[in-house]
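Enquirer: what would the 3D arrangement of this be:
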Amino acid sequence: MISRIEANSLVIRYSAVCAFAALLAGCGDAPKQQAAPPPPAVTVSEPTKRTVSDFDEYVGRFVAVNSVEVRSRVSGYLEGVHFKDGQLVKQGDLLFTIDKRPFQNAAEQARAAVTQTKSNLAFTTADFERGQQLVKEKTITEQTFEQRSQAYRNAQAAVSAAEAALRTSQLDLEFTELKAPIDGRIGDRRVSPGNLVTGGAGGNTTLLATIVSTDPIRFEFTFDEASYLRYERASKKNDVEDIASRGAGVEVSLKLIDEPDFIHKGKMDFVDNVIERTTGTIRGRASFSNANGVFTPGMFARVRVPASTPYEALLVPDSAIGSEQIRKFVLVVDGENTARTKYVTLGPLDGALRVIKSGLVPTDKVVINGMARVRAGQKVTPQAPAPAPAPGGAPAAPAK
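Expert: Below is the predicted model of the structure:
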């Protein structure tokens, strides 16, 4: 008969044998091999070939071709305002009137003075003509005749002076009506009727309103000295129109701050003759049509000026460009489906595409989608880009 101690010993031995057997059985199984992941899928495409031109962009402001401050030439009390603030006016439109009564009285006085001097001239003329005959007959002395001659000449001068004073008074009377000197948009009135207006040619005259022309309108901007030299040298090689010349008529384009593209066309009409010492820039100016009146003096906009003649270029999506410190690169897929880095020189942006100046050939397969999942030297699964949707929203038929 087996004692309790011997029974417990047998159980412990049996458990140890079972555990050792299970361990041997587990060691005998081969570990399962995990399958390697497939190469990441990327979208590749050849560069787009297109005729493009290089452009430079600058920020500037619109300025009016003509700007006039409306001031009175005579002093007096403002009698009437004949426009609405901010309206468009035509040359010759009546804007302000000044109380005419004092100037009408002055004109009447001047007219009476002319009549008086002419009457005196008639008398002295007749006296002078009689004196000519009398002096021949020795009836009067030479001294008397000279006195009559002097009176005649003084009467002629008095008539001329009176007529000049009449013209001045009539001109002052005409100046009581202030008319628009140019076509354009007038601002708000600065003086209300009933106020005294100071006129004349001095510096203390009263400003009544301002008028700015609207069509055409000018756009002024500045470009740096390096760009100026680049334009000059390129024009000497006939690589680009001479934008730095004066009045060359080079076509430029413009966009407002809320517009996506440069849709407004204009022409260069002026480049300044000096470079500012403090900023190292030179002022340029272009002229634009403004028939609808959208462009307003003082408004900001961006202008694009040509920097080269049209040329054939390779373009890739701007999103396919990577950066490595100061260098730019794209990933291309070679014949063994391996991603390779190609460093490129960038040109201007043309819509969503970026011009590549150098570094690519037309047959390169550029990674345009999935670039973040790939590194240089890695195997990839290249895929063609999805076909563009056909007009009307229906998917386009796949290329055969």
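Enquirer: got the CA coordinates for the lengthiest strand in the chain in CSV?
Expert: Longest strand in the chain, counting residues (DSSP state E): strand 339-350. Backbone C-alpha positions of strand 339-350 (Å, rounded to 0.1, in the frame of the first residue of the first chain) are rendered in CSV as follows:
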residue,chain,number,x,y,z
ALA,A,339,11.9,55.4,-56.8
ARG,A,340,14.9,57.7,-57.5
THR,A,341,15.5,61.3,-56.5
LYS,A,342,16.1,63.9,-59.2
TYR,A,343,17.0,67.4,-58.2
VAL,A,344,15.4,70.1,-60.3
THR,A,345,15.5,73.8,-61.0
LEU,A,346,12.1,75.4,-60.7
GLY,A,347,10.5,78.0,-62.8
PRO,A,348,7.2,80.0,-62.4
LEU,A,349,3.9,78.5,-61.4
ASP,A,350,1.4,78.0,-64.3
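Enquirer: neighbouring strands - and their directions - for the next helix or strand after that strand?
Expert: Following strand 339-350 in sequence order, the next helix or strand is strand 353-358 (DSSP states H and E). If you go by DSSP bridges, strand 353-358 pairs up with strand 311-317 (antiparallel), strand 339-350 (antiparallel).
Enquirer: now find how far off-centre the longest strand of the chain is within its chain.
Expert: 30 Å (Cα atoms, centre = their mean, to the nearest Å).
Enquirer: quick one: contacts of that strand?
Expert: 42, 50, 52, 54-55, 313, 315, 318, 321, 324, 327-334, 354-360, 364, 367, 374-380 (Cβ atoms under 8 Å, 6 or more residues apart in numbering). Glycine gets a C-beta too; all of them are placed from N, C-alpha and C.
Enquirer: quick one: buried ones out of those residues?
Expert: 42, 52, 54-55, 313, 315, 321, 328-333, 354-356, 359-360, 364, 367, 374, 380 (16 or more other Cβ atoms under 10 Å).
Enquirer: so residue 268 touches residue 303, yeah?
Expert: No: counting by Cβ atoms under 8 Å, residue 268 does not reach residue 303; the two are 9.5 Å apart.
Enquirer: so what sits against both of the two?
Expert: 252, 286.
Enquirer: and stretch 302-322, which residues are buried?
Expert: 302-308, 313-317, 320-322.
Enquirer: again with stretch 56-73
Expert: 56, 57, 58, 60, 62, 64, 65, 68, 70, 71, 72.
Enquirer: was I right about the second one contacting residue 306?
Expert: Yep, that's residue 57 we're talking about. No: counting by Cβ under 8 Å, residue 57 stays clear of residue 306, with 11.3 Å between them.
Enquirer: what's the closest of the buried residues of stretch 56-73 to residue 171?
Expert: residue 72 (13.1 Å; Cβ to Cβ).
Enquirer: do you know the pLDDT at the residue nearest to that closest one when sequence neighbours are not counted?
Expert: Counting by Cβ to Cβ, 6 or more residues apart in numbering, residue 72 lies nearest to residue 199, which is 3.7 Å off, once chain neighbours are set aside. Residue 199 is assigned 90 on the pLDDT scale.
Enquirer: dump the residue contacts of the closest residue to residue 88 other than its chain neighbours.
Expert: Distances taken as Cβ to Cβ, 6+ apart put residue 185 closest to residue 88, at 5.4 Å, once the chain neighbours are dropped. By Cβ under 8 Å, 6+ apart, residue 185 lies in contact with 86, 87, 88, 89, 211, 212, 214, 293.
Enquirer: count the neighbours of the third one for me.
Expert: Applying other Cβ atoms under 10 Å, we find 16 residues neighbouring residue 88.
Enquirer: helix or strand: which one has residue 149?
Expert: helix 142-175.
Enquirer: could you say what helices and strands that helix packs with?
Expert: Packing partners of helix 142-175 (3 or more Cβ pairs under 8 Å, 6 or more residues apart in numbering; DSSP states H and E): helix 101-136.
Enquirer: avg pLDDT for the helix it packs on?
Expert: Rounded mean pLDDT across helix 101-136 is 90.
Enquirer: and the angle for it with helix 142-175?
Expert: Relative orientation of helix 101-136 and helix 142-175, computed by axes from the mean of the first three to the mean of the last three Cα atoms, to 10 degrees: 160 degrees.
Enquirer: quick one: buried residues of helix 101-136?
Expert: Buried residues in helix 101-136 (16+ other Cβ under 10 Å): 102-103, 106-107, 110-111, 113-114, 117, 120-121, 124, 128, 131, 135.
Enquirer: roughly how far is that helix from the heart of the chain?
Expert: So, by Cα atoms, centre = their mean, the centroid of helix 101-136 is 64 Å from its chain's centroid.
Enquirer: ditto for stretch 362-369
Expert: Here the centre of stretch 362-369 is set off from its chain's centre by 37 Å, with Cα atoms, centre = their mean.
Enquirer: go on, stretch 206-226?
Expert: Relative to its parent chain, stretch 206-226 has a centroid offset of 11 Å by Cα atoms, centre = their mean.
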